[in-house]
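J.: What follows is a protein structure lacking sequence information:
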């Protein structure tokens, strides 16, 4: 018995010297049922990822492998065993498919962008961060920042994809920054810059963290991972990522049923990264900092239910309008125009190449911007 303990200790020391990792070795679980490409596709991914950095525990039917296997015979039993191993600390993280997270938890994907081969975090790709769209995307931004920090990106730059609600999300995040939350914004690669990103930025990986609504993120994840294969086999990237929430402790990462062997291998490495970086603790700390920057007040302002009383606003005398004011959400566009009318500034709504715009006379551009800023229709 003593000889066995000594031998095991020497093996652990040898592994630590080779890998540079001392202390308890991280264990990552991988469930092996549910793939459209069969059990072997997942097991082969585990073999491809196998290294001295971490151990892999397969959870599924018996297979021919040198890896540890915890045998189960159905998906229900498989997920129950996975949760048991996570909760008792036997494994530090798990990679699986088709897992139901609670509301407030969403997965943060990691892709390799085709434009320049750059890694980019997609926040988020599955799950529901909140039932209100704007709150969900603001939370997605914090989840993305937390995940980026957990994998070693110290000061991740955040971009907001130009989807419905992007400008309101920009306003919320900039309010948090003004109130002391440390967040860095990316610049679009397009000439007019800004942190609201276009499709070009998505392809080039302009930000470290790209924020979008979850359904859009899910589509982009599928496009990035399988655009070279026709869609039925995901061959690129790191999968749909870990479920991240304000106070969520399980480190469970998601694969698609269409994920191929290379993505399985990368997802296991991603799981090691977020387990080593303790994404759950990083996320908890990010929310502590966000709340000290009046996160709750900022969210309350965009989610409160108000009954709008119809108000007749007299349109000022028409003028030639050539100055464009952007940064206004499509849902607020007409209200923003009426706000200017109420203040004696003639304005019209329109659609520019970057999204909704308000048009005013060139002599009233600065005054109009200040009115809209004060009323909360645009961000600085």
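T.: Arrived safely. Note that this is a predicted model, so its numbers are computed, not measured. Numbering: from 1, shown residues only.

J.: show me the contacts for residue 41.
T.: Residue 41 makes contact with 35, 260, 261, 264, according to CB atoms under 8 Å, 6 or more residues apart in numbering. C-betas here are computed from N, CA, C, even on glycine.

J.: I figured the third one hits residue 45, correct?
T.: If I follow you right, that is residue 261. Yes. Between residue 261 and residue 45 there is a contact under CB atoms under 8 Å: 4.5 Å.

J.: who's more crowded, those two?
T.: residue 45 (27 against 22; other CB atoms under 10 Å).

J.: any idea which element that one lies in?
T.: Assessed by DSSP states H and E, residue 45 sits inside helix 39-49.

J.: partner residues bridging the residue positioned nearest the centre of the chain?
T.: Nearest to the geometric centre of the chain sits residue 123, at 1.4 Å (CA atoms, centre = their mean). As for beta bridges, residue 123 partners with residue 108, residue 211 under DSSP bridges.

J.: Per-residue pLDDT of it, please?
T.: Here, the pLDDT recorded for residue 123 equals 98.

J.: Distance-wise, check it relative to residue 207.
T.: 10 Å (CB to CB, to the nearest Å).

J.: Of all the residues in the helix holding residue 45, which ones are buried?
T.: In terms of neighbour count (16 or more other CB atoms under 10 Å), helix 39-49 has its buried residues at 41, 42, 43, 44, 45, 46, 47, 49.

J.: which is the next helix or strand following that helix?
T.: strand 54-60.

J.: now the angle from that following strand to helix 39-49?
T.: Counting by axes from the mean of the first three to the mean of the last three CA atoms, to 10 degrees, strand 54-60 lies at 170 degrees to helix 39-49.

J.: tell me the SS of residue 94?
T.: strand (DSSP: H, G, I helix; E, B strand; the rest coil).

J.: Identify the residue nearest it in space, chain neighbours excluded?
T.: Closest residue to residue 94 apart from its sequence neighbours, by CB to CB, 6 or more residues apart in numbering: residue 29 at 3.9 Å.

J.: same check, this time on residue 90
T.: residue 27 (6.8 Å).

J.: so where is the protein shaky, pLDDT-wise?
T.: Within the chain, the stretches with pLDDT under 70 are 1-23, 305-311, 351-355, 380.

J.: just the helices in it please.
T.: In the chain, helices defined by DSSP state H lie at 2-19, 39-49, 75-87, 133-150, 166-178, 199-204, 214-226, 261-276, 279-292, 295-303, 333-342, 365-375, listed in chain order.

J.: neighbours around residue 339, how many?
T.: By the criterion of other CB under 10 Å, residue 339 has 21 neighbours.

J.: swap in residue 359?
T.: Residue 359: 20 neighbours (other CB under 10 Å).

J.: next one: residue 194
T.: Neighbour tally, residue 194, other CB under 10 Å: 19.
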